[in-house]
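Trainee: Structure, please.
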Amino acid sequence: EPYHIVTQLSNEHTLDILRMIGKQDHLNAILTPVVIARVTAQTSRQSGLSVVYTELLDFGGDEIYFHQEPALSGKTFGDALLSYEDSCVIGLQRASGETLLNPPAETRFAPGDRVIAISADDDTIRLSGLNNPPVQLHFIRSAAKRTAGLPPEKTLLLGWNESAPVIIHELDHYVAYGSTVTVVAGPEFEPKAQACCQLKNQTITFRAGDTTDRVLLDSLTITEYDHVIALADTGLDIQTADSRTLITLLHLRNIAGMDETPFSIVSEMLDLRNRELATVTNVDDFIVSDHLISLMTAQLSENTALQAVFDDLFDAEGSEIYLKPASDYVELSQSVNFYTVVEAARRRHETAIGYRLGAQARNPSARFGIYINPKKSLEVHFSEMDKVIVLAEE
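Mentor: Predicted coordinates:
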């Protein structure tokens, strides 16, 4: 019988060797720097995204499952979206093994296809039996017309590690032409930063210095940046690296507090226990890199088919997770159920999987306001601060 092998790699060139050795086996290889870099790049532009990923990967909450549902054969993906009360359908797997996340609503299930859904467990994926889901059509807002392209953005990257080059390349997929990224790190990293070539939308500048130095940080005029990313120094021991990151974050919080147009701050932490301590810095989001990779490893050990799902979610191509203003989907200050939110997203060719309440965004005990796979019949009052969490192509 083939072995099911899950492994973590730091060098993508090793992957070809592993595939050759394990060609008779089921091999799931996680390129750690690439995954962390992609999550960091995405999260730097969307506060709360790392919490969404953690919720999906943590066995303590709702996870992603594959489920055979013969009753859906011949029905469309759009039909399936509203067919479950306690589960969020996000895609389907063809009998051939092909995985489709957020496919067009008219995509039909064929015999042997499996539904891909977020649910509390694999045995909780049950059809609601409702012929007419209670969608509140009068609360759905029409899709706004596309506006002109976004303006160029300025990103500040504080620190350097093996994920930094991938972060810069990933950001290039999201930002407009004319954007810039400034790297501040030890002088020994300048050649590596300048080697990040083949960028289409960004230019790189490098400044040597200590990211915990307040004088240096003040000289950067950080308030002019749109996004700030603080990376952990993986060349140090874990606690020393996290301590330096915390010092940097405290300086950034103080700088941000003196400006009326705050920039977003995303930081990488190495020890999950330090995240709670770091919440006092009021940073928009944290990437606890080792914890995230460990969760992904555990998920893949349970289900090798999840590799295709993760590849899609963490890639700039295809469908990704976005947090978009709730006001784009439904009327605010109304009692709206999640069936209505799902339908509003479907009309935009998106798949709604949850929401974020802005009033709880800095509350760890409330999961930072993130609600994944809510019961669709439960109602919520959205405000201007709230977001809908969707799978979308942009």
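Trainee: Can you pull the poorly scored residue ranges out of the protein?
Mentor: Within the chain, the ranges that satisfy pLDDT under 70 run 144-149, 260-261.
Trainee: mind listing the helices for it?
Mentor: Secondary structure of the chain (DSSP state H): helices at 14-21, 32-43, 49-57, 77-81, 164-174, 190-194, 214-219, 238-256, 273-278, 289-302, 306-313, 338-346.
Trainee: can these go into a markdown table with extra columns for mean neighbour count and distance to residue 361?
Mentor: (Each C-beta comes from the backbone N, C-alpha and C, glycine too.) Formatted as a markdown table, the helices of the chain follow (neighbours: other CB atoms under 10 Å; distance: least, CB to CB, whole Å):
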| stretch | mean neighbour count | distance to residue 361 |
| --- | --- | --- |
| helix 14-21 | 12 | 37 |
| helix 32-43 | 24 | 14 |
| helix 49-57 | 23 | 9 |
| helix 77-81 | 21 | 27 |
| helix 164-174 | 20 | 22 |
| helix 190-194 | 14 | 32 |
| helix 214-219 | 14 | 24 |
| helix 238-256 | 19 | 15 |
| helix 273-278 | 15 | 15 |
| helix 289-302 | 18 | 20 |
| helix 306-313 | 19 | 22 |
| helix 338-346 | 24 | 19 |
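Trainee: Reformat those as TSV; add distance to residue 352.
Mentor: Below are these laid out as TSV (distance: least, CB to CB, whole Å):
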stretch	distance to residue 352
helix 14-21	34
helix 32-43	18
helix 49-57	12
helix 77-81	8
helix 164-174	21
helix 190-194	39
helix 214-219	39
helix 238-256	31
helix 273-278	27
helix 289-302	22
helix 306-313	15
helix 338-346	4
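Trainee: among those helices, which is nearest residue 125?
Mentor: With CB to CB as the measure, helix 77-81 is the member of the helices of the chain nearest residue 125 (10.9 Å).
Trainee: Which other helices and strands does that closest one contact?
Mentor: Using 3 or more CB pairs under 8 Å, 6 or more residues apart in numbering; DSSP states H and E, the elements in contact with helix 77-81 are strand 88-93, helix 338-346.
Trainee: Looking at the ones you listed, spot the one closest to residue 273.
Mentor: strand 88-93 (30.8 Å).
Trainee: Neighbouring strands - and their directions - for the closest one?
Mentor: Paired strands of strand 88-93, with direction, are strand 99-101 (antiparallel), strand 114-119 (antiparallel) (DSSP bridges).
Trainee: which stretch among the helices and strands packed on helix 77-81 comes nearest residue 234?
Mentor: Taking CB to CB, strand 88-93 is the member of those nearest to residue 234, at 32.6 Å.
Trainee: quick one: contacts of the closest one?
Mentor: 64, 66, 77, 80-81, 83, 99-103, 107, 109, 113-119, 305, 309, 342, 351-354, 372-373, 391 (CB atoms under 8 Å, 6 or more residues apart in numbering).
Trainee: Check stretch 354-363 too.
Mentor: By CB under 8 Å, 6+ apart, stretch 354-363 touches 47-48, 52, 88, 279, 282, 323, 326, 338, 341, 366-374, 380, 382-389.
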